[in-house]
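Trainee: Got a sequence here, can you build the structure:
(chains A and B)
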Amino acid sequence: MFKLEARPQASLAMRYASPAIAVVLMLIAGVVVFSALGRNPIEGFQVFFLNPMRDLNAVTELLLKATPLMLIAVGLAVGFRANVWNIGAEGQFLMGAVAATAVALAFQSSESALVLPTMVVAGAIGGALWAALPALLKTRFNANEILTSLMLVYIAQLAVSWLVFGPWRDPAGFNFPQTEMFSDAALLPMLIEGTRLNYAFILALGVLAAGYVFMERSYTGFKMRVAGESEAAARYAGYSAVTTIWIGLLAGGAAAGLAGMAEVAGPVGQLTDKISSGYGFAAIIVAFVGRLNPIGIFFASLLMALLYIGGEQAQQYLSLPASISKVFQGMLLFFLLGSDVFIQYRLRRSARQ
Amino acid sequence: MLFATIVAGTPLIITALGELVTEKSGVLNLGAEGIMAVGAVAAFAVAHDTHSTWAGVIAGMAAGAAMSLIFAVLTLTLMANQVASGLALSIFGVGLSAFVGKPYESASMVAVPPIRVPLLSDIPVIGPALFEQQSLVYLSWLLMAGVTWFLYRSRAGLVLRAVGESPSSAHSIGYPVIRIRYLATLFGGAMAGAGGAFLSVFYTPLWVEGMVAGRGWIALALVVFATWRPLRVLVGAYLFGGVMISQLFLQGSGAQIDIPSQFLSSLPYWATIVVLVIISRNVQTIRLNSPVSLGQPYRPE
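Mentor: Purely as a prediction, here's the structure:
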C-alpha cells in the first residue's frame, strides 16, 4: 500500500510540473472520451487538439480566443492570491461590454480617434463597477463575495438580454437580439491584415505585464499575497483587509470589463445576447492552471483557447456538441487540483505492520 | 400561488438540506450548481427512456453522488482546496450536462400526476396547495424532519457535528473523520442530484441546457440564510419559491404593468443578495452558527 507523506518543504518542481501532468492526464482522458463515444480516438485527438494549431490563420484565431481569457484571468489572479473569491467575472465581462457598447452607440456617426479609447475606459469602469458591488457588500456587510458576485452574473445576463431585445435592438436587424454593427471608429484595428487578430491582444499582453509588476514587484501586491497566505499574519502586520478586498475585486472587474469591451469592439462588432461563451468561468480555470502567475496565465489561456476551438472543430467535423470543450476544461482543473497534492506530499510505500 | 410557491421551493429544500449536512461535517461543497445540472439531465434521460419516474430520480441521485465523489476524492483524499474544487465541479457539471443532454433537448415527457392526500386535500384553499402535490414535495418535508432528527437527536448526527466543529478532537476520540466527511459529502451530492431530478422530471418536465439557472447557488445561499438549521431552510426555500413565482405571475399578468420581463426575472437573484446581506451583517450570528472547521482541510496524523 502507498500512503501520502508530508514533504518537509513544499516541492517547487512539483509546483510547475503539476500543470504539465494535468495536461497530459487531460489528453489521455480525451482519447478515452473519444473512444467511449465510439469515435476514432486518433481522429478525435487530431481534430480537437491539433486542428486549432494547423496554420498561421488557425494560430491567430487561437490568440484571438485567448485574449479575453488572459485578460480576465490575470485580473482574477490578483484577487485569488489574496483569497478574494471573485467568481462573477462573467457578469463583469458583460457589464464591460455593455458600457463599451453604450459609448459606441452614442458616437455611431463619429469618426473621432477618441471613440475607441473612451470605449476601453468605459469597459474597464463598467466591469469594475459591477465588481464594486460584491466588494461593498463584503466589506460593509460581510456578505460572501462568491455568492453575491455569482448572483450578479445572472443579473448581468438578464440586463444584456433586456438591452438587445429592447432599447438597443437594431431596427434593421430582422428582430435578432443584437445591436447595430459598430462604426469603424469603434472597432479595434487589426494586428495582422487578413486575420481577425486585433490590438486587444497587445492590450492583454500589457495587462499581463502590469499584473506581473503589481503582484510580484509592488508593496501592495506583497501585502495582498501575505493576506492570502495567512490572514492572521496580515492582520498582525496591520495590513488592511478592506483594501485587499477592494483591490482584489476591482482588478478582476476592470480586467473582465476590458475583455468584454475587446469582444464587442473586436471579433463580434456589436452587442448580442450571446456575447460571452462562458469566458468569465473558463478564466477561473485559466487562473488556476496558470498558477495565479501572469506568465503561467499566458500559456494557460492558450491551452483553454485551444479547448474552445477544439470544441468548435469537434462540432463541425465529428458532429459532437461544442459543449465538449467545457467537459475538457472542467477535467483539466480536476486533474490539476488532484496532482497539486504532490506539491505538499509525496507517495511512500507504507511499512507493513 | 401557494401551490406553485411550494413546487418552486422544493428543489431548493432538497439541495440545501443535502448541502447543510455536508457543511455540518466541515466540508464546503460549492459544486451544487453542477451537481444539480448533472442530476437533472441524468434523471430526465433515464425517466424518458425507461418511462419510470422513480428510475429517473434514482439515476439523478446516483449521478449526483458520483459527482460529489469526484469532489470528495479531490478535497478529502488529495486535500485540494475546497473552494477551487467546488468551482471546478460546478463548471464541469454545467458543461457535462449540456454535452450529455444534447440529444434530449427536444424530448418531451408526460407530466407526473400529483398525489392527493385523502381528507387533508379537501381543506379549502390550503388543502389543494399542500396536499395535492408531487411525491417529492412530501418527501422534502420528510427529509427536513429526518435531517433535523439525525443531526440533533441521533448519535451519528452528534458525531457528524463533532467532526465539523473540531475534526482533531473527533479524531482523537477515535472517529474516522475522513470517512464521515466522505459520507456527508456523498449524501449532499445525492440530494443535489435529487433536487435536479425534481426540476427536470417533475417541475418542467423537460431538459434544456442551463435550466438549473443558479438554483444550486441559491441553495448554498439558503444554507447561510438558515444559519445551518433545517427548519429555516424550509422557510427560506418557500420565501425564494414565492419570489420566483410572483415574478412569473407578474409576467403572466401581461399588459397592465410596464416592466421588462428581464427585470422581473432577476428578482430571485436580487433577493438572494439582499438576504445574504441581511443575515451576514451580524458577524456574530455567522460565527456562532457556522461549523467551525467549514472549508478547512483535515489530515489525520
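Trainee: Point to the residue nearest the middle of chain A.
Mentor: In chain A, the C-alpha nearest the mean C-alpha coordinate belongs to A:Ala283, at 2.2 Å (C-alpha atoms, centre = their mean).
Trainee: Look up how far B:Ala237 lies from it.
Mentor: Counting by C-beta to C-beta, to the nearest Å, the gap from A:Ala283 to B:Ala237 is 32 Å. Heads up, the C-betas are built off the backbone N, CA and C, glycines and all.
Trainee: OK, contacts around whichever residue of the stretch 151-300 of chain B sits closest to chain A?
Mentor: Residue of the stretch 151-300 of chain B nearest chain A, by C-beta to the nearest C-beta: B:Gln262 (3.8 Å). By C-beta atoms under 8 Å, 6 or more residues apart in numbering or on different chains, B:Gln262 lies in contact with A:158-159, A:161-162, A:165.
Trainee: Next: A:Leu50.
Mentor: Per C-beta under 8 Å, 6+ apart, neighbours of A:Leu50: none.
Trainee: what's around the residue lying closest to B:Leu206 once chain neighbours are set aside, how many residues?
Mentor: Excluding its sequence neighbours, the residue lying closest to B:Leu206 (C-beta to C-beta, 6 or more residues apart in numbering or on different chains) is B:Ser108, at 6.0 Å. As a burial measure, B:Ser108 scores 11 neighbours (other C-beta atoms under 10 Å in any protein chain shown).
Trainee: ok, which stretches of the stretch 1-150 of chain A are helices?
Mentor: A:12-36, A:41-45, A:56-81, A:89-106, A:115-141, A:145-165 (DSSP state H, counting those that start in this stretch).
Trainee: what does chain B give?
Mentor: Counting by DSSP state H, chain B has helices at residues B:2-24, B:32-50, B:53-72, B:82-101, B:126-131, B:135-153, B:155-165, B:167-173, B:177-197, B:215-225, B:230-253, B:261-265, B:267-280, B:283-289.
Trainee: Is the fourth one positioned near chain A?
Mentor: Yes. In terms of C-beta under 8 Å from any C-beta of the partner chain, part of helix B:82-101 sits within range of chain A, namely B:83-85, B:87-89, B:91-96, B:98-99.
Trainee: Now rank the residues you listed by neighbours and give me the top one.
Mentor: B:Gly93 (33 neighbours).
Trainee: which residues touch that residue?
Mentor: Listed by C-beta under 8 Å, 6+ apart, the contact set of B:Gly93 reads A:330, B:31, B:33-38, B:67.
Trainee: Most tightly packed of the helices of the stretch 1-150 of chain A?
Mentor: helix A:89-106 (a mean of 28; mean count of other C-beta atoms under 10 Å in any protein chain shown).
Trainee: Output the contacting helices and strands for that one.
Mentor: Using 3 or more C-beta pairs under 8 Å, 6 or more residues apart in numbering or on different chains; DSSP states H and E, the elements in contact with helix A:89-106 are helix A:56-81, helix A:115-141, helix A:145-165, helix A:241-264, helix A:279-289.
Trainee: quick check: mean pLDDT across it?
Mentor: On average, the pLDDT along helix A:89-106 is 96.
Trainee: Likewise for stretch A:156-174?
Mentor: For stretch A:156-174, the per-residue pLDDT averages 90.
Trainee: List of residues touching that stretch?
Mentor: By C-beta under 8 Å, 6+ apart, the residues outside stretch A:156-174 that reach it are A:90-92, A:94-95, A:97-98, A:101, A:105, A:130, A:175-181, A:270-273, A:275, B:260, B:262-263, B:265-266.
Trainee: Where does pLDDT dip in chain B?
Mentor: Scanning chain B for pLDDT under 70 picks out B:253-257, B:301.
Trainee: one more time with 50
Mentor: For chain B, no stretch is flagged by pLDDT under 50.
Trainee: same deal with the stretch 151-300 of chain A?
Mentor: Using pLDDT under 50, nothing in the stretch 151-300 of chain A is flagged.
Trainee: residues from it in reach of chain B?
Mentor: Counting by C-beta under 8 Å from any C-beta, the stretch 151-300 of chain A sits next to chain B at A:151-152, A:154-155, A:158-159, A:161-162, A:165-166, A:281-282, A:284-285, A:288.
Trainee: at 7 Å what do you get?
Mentor: Contacts of the stretch 151-300 of chain A with chain B, taken as C-beta under 7 Å from any C-beta of the partner chain, map to A:151, A:154-155, A:158-159, A:161-162, A:166, A:281, A:284-285, A:288.
Trainee: Now for those residues: which two are most distant?
Mentor: A:Gly166 and A:Phe288 (37.3 Å; C-beta to C-beta).
Trainee: Compare the two and say which is more crowded by neighbours.
Mentor: Using other C-beta under 10 Å, the more surrounded residue of A:Gly166 and A:Phe288 is A:Phe288, with 27 against 12.
Trainee: With distance to A:Leu208 and neighbour count added, can I get the contacts of B:Gly93 in CSV?
Mentor: Formatted as CSV, those follow (distance: C-beta to C-beta, whole Å; neighbours: other C-beta atoms under 10 Å in any protein chain shown):
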residue, distance to A:Leu208, neighbour count
A:Gly330, 24, 26
B:Gly31, 30, 32
B:Glu33, 30, 28
B:Gly34, 29, 32
B:Ile35, 34, 37
B:Met36, 36, 39
B:Ala37, 33, 37
B:Val38, 35, 30
B:Met67, 34, 31
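Trainee: Mind putting the helices of the stretch 1-150 of chain A into a markdown table with distance to B:Thr75?
Mentor: As requested, these are exported to a markdown table (distance: least, C-beta to C-beta, whole Å):
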| stretch | distance to B:Thr75 |
| --- | --- |
| helix A:12-36 | 16 |
| helix A:41-45 | 31 |
| helix A:56-81 | 17 |
| helix A:89-106 | 23 |
| helix A:115-141 | 24 |
| helix A:145-165 | 16 |
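Trainee: out of these, which comes closest to B:Arg281?
Mentor: That would be helix A:115-141 among the helices of the stretch 1-150 of chain A, by C-beta to C-beta, at 4.7 Å.
Trainee: Confirm A:Tyr239 sits in a helix?
Mentor: No. Judged by DSSP: H, G, I helix; E, B strand; the rest coil, A:Tyr239 forms no part of a helix; its state is coil.
Trainee: Wait, it touches A:Met224, no?
Mentor: No. At 8.1 Å, A:Tyr239 does not count as touching A:Met224 under the criterion of C-beta atoms under 7 Å.
Trainee: more crowded one of those two?
Mentor: A:Met224 (27 against 18).
Trainee: I'd say the more buried one and A:Val84 touch.
Mentor: No. Contact criterion C-beta under 7 Å: A:Met224 and A:Val84 do not qualify, at 8.3 Å.
Trainee: what touches both of the two?
Mentor: A:244, A:248 (C-beta atoms under 7 Å, 6 or more residues apart in numbering or on different chains).
Trainee: quick one: which of the helices and strands packed on helix A:89-106 is nearest A:Gln316?
Mentor: helix A:56-81 (13.1 Å).
Trainee: what sits up against stretch A:316-327?
Mentor: Under C-beta under 7 Å, 6+ apart, the answer for stretch A:316-327 is A:37, A:39, A:44, A:47, A:278, A:307-308, A:310-312, A:314-315, B:91-92, B:94-96, B:98-99, B:102.
Trainee: what's the span of it from first residue to last?
Mentor: 17 Å (C-alpha to C-alpha, to the nearest Å).
Trainee: likewise stretch A:274-283?
Mentor: 17 Å.
Trainee: Please spell out which residues along it are buried.
Mentor: Across stretch A:274-283, burial judged by 16 or more other C-beta atoms under 10 Å in any protein chain shown covers A:275-283.
Trainee: want to throw the residues you listed into JSON lines with distance to B:Tyr138?
Mentor: Below are the buried residues of stretch A:274-283 laid out as JSON lines (distance: C-beta to C-beta, whole Å):
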{"residue": "A:Ile275", "distance to B:Tyr138": "43"}
{"residue": "A:Ser276", "distance to B:Tyr138": "40"}
{"residue": "A:Ser277", "distance to B:Tyr138": "41"}
{"residue": "A:Gly278", "distance to B:Tyr138": "37"}
{"residue": "A:Tyr279", "distance to B:Tyr138": "43"}
{"residue": "A:Gly280", "distance to B:Tyr138": "39"}
{"residue": "A:Phe281", "distance to B:Tyr138": "36"}
{"residue": "A:Ala282", "distance to B:Tyr138": "41"}
{"residue": "A:Ala283", "distance to B:Tyr138": "43"}
